[in-house]
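1. attaching a predicted model along with its sequence, questions to come.
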Amino acid sequence: MVTTLLRFLELLLISVWVGGITVLSSLVAPTLFSKLPTRAQAGEMFGYILTRFYVLEIALGLILISVGLLRWKYYGASMSFTVLRT
């Protein structure tokens with residue numbers, strides 16, 4: 001049960017990480033650069049958003065490493081490092 005919870009948490013963290021990058025690059029940036037009056041304003045605002053997102057990415061990465069180490073503890077040294085292990 002613990003390993004299933006840890007695997008779920010890993011998938012959730014990776015999904016938030018990749019989903020955030022996707023949303024920022026495909027929705028937020030184009031919207032800012034098309035709606036704000038100058039590219040300088042859009043760049044400044046997007047830079048602020050990226051700064052905040054990088055802090056979130058670092059936190060997610062540290063949690064992901066911690067969860068991976070916990071999974072390794074429960075699975076042992078023979079654990080496969082693939083996330084989608086069945």
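-> That came through, no problem. Because the structure is predicted, anything quoted here is derived from the model rather than measured.

2. make it CA atoms for all contacts and neighbour counts henceforth
-> Fine.

3. which strands and helices sit next to the lowest-mean-pLDDT helix or strand in the chain?
-> Taking mean pLDDT, DSSP states H and E as the measure, the chain has helix 2-23 as its least confident helix or strand, at a mean of 88. In terms of contacts (3 or more CA pairs under 8 Å, 6 or more residues apart in numbering; DSSP states H and E), helix 2-23 is packed against helix 39-75.

4. picking up where we left off before, list the buried residues for the next helix or strand after the least confident helix or strand of the chain?
-> For helix 2-23, the following helix or strand on the C-terminal side (DSSP states H and E) is helix 29-35. Neighbour counts using 16 or more other CA atoms under 10 Å place Ala29, Leu32, Phe33 of helix 29-35 among the buried residues.

5. how far away is the last one from Ala42?
-> Pointing back at Phe33 there. Distance, Phe33 to Ala42, by CA to CA, to the nearest Å: 5 Å.

6. try the first one
-> When distance is defined by CA to CA, Ala29 is 8 Å away from Ala42.

7. how about the second one?
-> To Ala42, Leu32 is 5 Å away according to CA to CA.

8. quick check: Tyr48 vs Tyr54, distance?
-> Taking CA to CA, one finds Tyr48 at 10 Å from Tyr54.
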